[in-house]
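A.B. asks: Provide a 3D model corresponding to the input given below.
(chains A and B)
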There are 2 protein chains.
Amino acid sequence: MTEVDVLIIGGGVAGLAAAMYSGRFNLKTLVVGKEPGGATMLTDDIQNYPGFEKIGGMELVDKLTAHAKTSGAEVTMGSIEKIEKNDKMFATTNTKSEVVNAKTIIFATGTDYRKLGVPGEKEYLARGVHFCALCDAPLYKGKNVAMVGGGDGAVKESVAVAQHADKVTVIHLHDDVRGEPINVKKMKETTNISTISNNTIVEIKGDGKKLTSVVLQNPVGGKTELEFDGLFVEIGRIPLSSLAKDAGVELDEHNQVIVDKVGKTNIEGFYGAGDVTNSTFKQAITGVAQGVSASHSAFEYINKNF
Amino acid sequence: MTEVDVLIIGGGVAGLAAAMYSGRFNLKTLVVGKEPGGATMLTDDIQNYPGFEKIGGMELVDKLTAHAKTSGAEVTMGSIEKIEKNDKMFATTNTKSEVVNAKTIIFATGTDYRKLGVPGEKEYLARGVHFCALCDAPLYKGKNVAMVGGGDGAVKESVAVAQHADKVTVIHLHDDVRGEPINVKKMKETTNISTISNNTIVEIKGDGKKLTSVVLQNPVGGKTELEFDGLFVEIGRIPLSSLAKDAGVELDEHNQVIVDKVGKTNIEGFYGAGDVTNSTFKQAITGVAQGVSASHSAFEYINKNF
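C.D. replies: Numbering: from 1, shown residues only, chains lettered A, B, ... in the order given. Okay, the predicted model is just below:
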């Protein structure tokens, strides 16, 4: 059994920044992440993290990991499956039934890709259906691909995919895409990107081996089947909050952990940070600052209660 | 007369980060700062800005300034003296009677540390004299430092400094320190903290390169000179909020601009960010993220109202 001052669940940028500050507060700090880096790893060209005009997601994660370790925090990979509060301490158990007791928890598990939930999506996963443009776009050199989604993620990633694919068709629900103006401008200037508005995907078809076409549904019209070599799904992300919920933490209507300005949840000693919380503007920099604030809140709580 | 979408008052890191994002939102953005960089400039060795294990304050400010300019924002020096809201637009006037009209304002003027106002304080600033214990305490590992101040801030920060320094001497004006009992208790239990009561600092001395001693004055006794490696001044800070107050912005009991999680004040289109606001934990990284969130709020407001 391990005992720590601060257990940080989630190894993305919010968790890593929290770890760095907790280490600086001389608190015994353990980060448990499912995989290194979280969502930031999936962007190869970050241009809006203040301090770096341009940095790769992996490079930023490497820097934050090193910074956390230098400050004395331990960064590990694993999966916490259960959190219980006994008196003042949190008892957590991972998938290997190992127990970590913690005075405080900073919950920064992030999000997972939102899925379409249509026939064929699961069957053709990684065989035509992809959720990470950065990871998988190079597979489609010279090919004809679709992207579904109309938010800033889809807008940005379509430009990235268009650098590899011959033709990119962005399929979205509304009259126009909705992204940062600078990104929308870039997308509209990219000649091998076209858009289909007011449509959803209702089925993904294949030949048993790989995706061959997608079926679109127009809300007022009928269905259309279009042939593609691949489909990138960019329809947002869902918060990974069930572990917190099971521990009694209040979630909002989008299943996000409700936190105040300093990361406090409804449970004393339990803090939230990053994309899993009900923050308005989900950016690497805002998640990082949330991690820092949560760490400070944990520090003050420990000073007062232990 | 100039007209902009976003007028950012304050050229510190919060204002500069806000400017970078506003530029990326394709908003016409003007920063007016009294001096480049704000409080961040006062630390020559920042070790807690996530992304940089170690960076000079000036270097960080330079990076953020360049980043803001690359994104299209204009960064200028000057002093806004008056803000009036006419219908939907803000009319601002600087000391040269030049008028800038703005759809939105991001107020990020920061604070000024309350200073001792004694000889040597200015000369040895950042060379032995420090105003941010949290930022700079790690520089004094194993050293002998003084802290001046008897309020809760000094009480709390002395404990933080004592985790790094070998010996901390808290110099204060009254018979005893005045802090939250729990913090006072912790301070008194920390064996490497001692206190000197009923004394003020009347002079800071050094060897031309760095601080070497401080001169104390007891109101009924004489002067005493004591050698130290560093001095932390923790006698409070002053938010630079009078311009906002005159414009009708609500302040809290400490004269800080009251903002919500996304930087909104009581006046539509008027946002706050950084140390001038009622944020709990005042760090470069949290101010930067507040600037980013305020910029996003301004972007949404302009989209909706203009």
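A.B. asks: in the stretch 101-250 of chain A, which spans are strands?
C.D. replies: Here the stretch 101-250 of chain A has its strands, by DSSP state E, counting those that start in this stretch, at A:111-113, A:129-130, A:144-148, A:167-171, A:193-196, A:200-206, A:211-217, A:223-227, A:230-233, A:237-239.
A.B. asks: Just put these in a markdown table and tack on mean neighbour count.
C.D. replies: Any C-beta I mention is one placed from the backbone N, CA and C, and that applies to glycine too. Formatted as a markdown table, these follow (neighbours: other Cβ atoms under 10 Å in any protein chain shown):
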| stretch | mean neighbour count |
| --- | --- |
| strand A:111-113 | 16 |
| strand A:129-130 | 24 |
| strand A:144-148 | 25 |
| strand A:167-171 | 23 |
| strand A:193-196 | 16 |
| strand A:200-206 | 18 |
| strand A:211-217 | 21 |
| strand A:223-227 | 12 |
| strand A:230-233 | 24 |
| strand A:237-239 | 18 |
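A.B. asks: Dump the ones you listed into CSV; add mean pLDDT and distance to residue A:122 as well.
C.D. replies: Formatted as CSV, those follow (pLDDT from 0 to 100; distance: least, Cβ to Cβ, whole Å):
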stretch, mean pLDDT, distance to residue A:122
strand A:111-113, 92, 13
strand A:129-130, 94, 8
strand A:144-148, 97, 15
strand A:167-171, 97, 19
strand A:193-196, 96, 24
strand A:200-206, 96, 9
strand A:211-217, 96, 12
strand A:223-227, 95, 19
strand A:230-233, 97, 12
strand A:237-239, 94, 16
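A.B. asks: Find the closest residue to chain B in the stretch 101-250 of chain A.
C.D. replies: residue A:181 (4.0 Å; Cβ to the nearest Cβ).
A.B. asks: Please verify my assumption that that residue contacts residue B:26.
C.D. replies: Yes: Residue A:181 sits in contact with residue B:26 when judged by Cβ atoms under 8 Å, with a separation of 4.0 Å.
A.B. asks: Return every residue with contacts to both of those two.
C.D. replies: Counting by Cβ atoms under 8 Å, 6 or more residues apart in numbering or on different chains, residue A:181 and residue B:26 have no common neighbour.
A.B. asks: returning to that earlier point: I'd like the strands of the stretch 101-250 of chain A laid out as JSON lines, including distance to chain B.
C.D. replies: Putting these into JSON lines (distance: least, Cβ to the nearest Cβ, whole Å) gives the following:
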{"stretch": "strand A:111-113", "distance to chain B": "18"}
{"stretch": "strand A:129-130", "distance to chain B": "27"}
{"stretch": "strand A:144-148", "distance to chain B": "22"}
{"stretch": "strand A:167-171", "distance to chain B": "20"}
{"stretch": "strand A:193-196", "distance to chain B": "19"}
{"stretch": "strand A:200-206", "distance to chain B": "25"}
{"stretch": "strand A:211-217", "distance to chain B": "29"}
{"stretch": "strand A:223-227", "distance to chain B": "32"}
{"stretch": "strand A:230-233", "distance to chain B": "23"}
{"stretch": "strand A:237-239", "distance to chain B": "17"}
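A.B. asks: Now the ones you listed in JSON lines, please, with extra columns for distance to residue A:301.
C.D. replies: Below are the strands of the stretch 101-250 of chain A laid out as JSON lines (distance: least, Cβ to Cβ, whole Å):
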{"stretch": "strand A:111-113", "distance to residue A:301": "26"}
{"stretch": "strand A:129-130", "distance to residue A:301": "42"}
{"stretch": "strand A:144-148", "distance to residue A:301": "43"}
{"stretch": "strand A:167-171", "distance to residue A:301": "46"}
{"stretch": "strand A:193-196", "distance to residue A:301": "49"}
{"stretch": "strand A:200-206", "distance to residue A:301": "46"}
{"stretch": "strand A:211-217", "distance to residue A:301": "50"}
{"stretch": "strand A:223-227", "distance to residue A:301": "55"}
{"stretch": "strand A:230-233", "distance to residue A:301": "40"}
{"stretch": "strand A:237-239", "distance to residue A:301": "24"}
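A.B. asks: what's near enough to touch the residue in the stretch 151-300 of chain A positioned nearest to chain B?
C.D. replies: Across the stretch 151-300 of chain A, no residue is closer to chain B than residue A:289, which sits at 3.1 Å (Cβ to the nearest Cβ). By Cβ under 8 Å, 6+ apart, the residues touching residue A:289 are A:17, B:285-286, B:288-290.
A.B. asks: PyMOL command to pick out the buried ones of those?
C.D. replies: To isolate the buried ones among the contacts of residue A:289 in PyMOL, judged by 16 or more other Cβ atoms under 10 Å in any protein chain shown, type:
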select buried, (chain A and resi 17) or (chain B and resi 285+286+288+289+290)
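A.B. asks: thinking again about what came up before, of all the strands of the stretch 101-250 of chain A, which lies closest to residue B:76?
C.D. replies: Taking Cβ to Cβ, strand A:193-196 is the member of the strands of the stretch 101-250 of chain A nearest to residue B:76, at 37.6 Å.
A.B. asks: In this structure residue A:55 contacts residue A:49, no?
C.D. replies: Yes: Residue A:55 lies in contact with residue A:49 (Cβ under 8 Å); the separation is 6.2 Å.
A.B. asks: roughly how far is whatever helix or strand the residue of the stretch 151-300 of chain A closest to chain B lives in from the heart of the chain?
C.D. replies: Using DSSP states H and E, residue A:289 sits in helix A:284-305. Mean C-alpha position of helix A:284-305 versus that of the full chain (Cα atoms, centre = their mean, to the nearest Å) differs by 20 Å.
A.B. asks: now stretch A:64-75
C.D. replies: Worked out by Cα atoms, centre = their mean, stretch A:64-75 lies 21 Å from the chain centre.
A.B. asks: got it, and stretch A:146-159?
C.D. replies: That offset, for stretch A:146-159, works out to 16 Å (Cα atoms, centre = their mean).
A.B. asks: residues from the stretch 51-200 of chain A in reach of chain B?
C.D. replies: Residues of the stretch 51-200 of chain A lying close to chain B (Cβ under 8 Å from any Cβ of the partner chain) are A:51-53, A:55, A:60, A:63-64, A:66-67, A:70, A:180-182, A:185.
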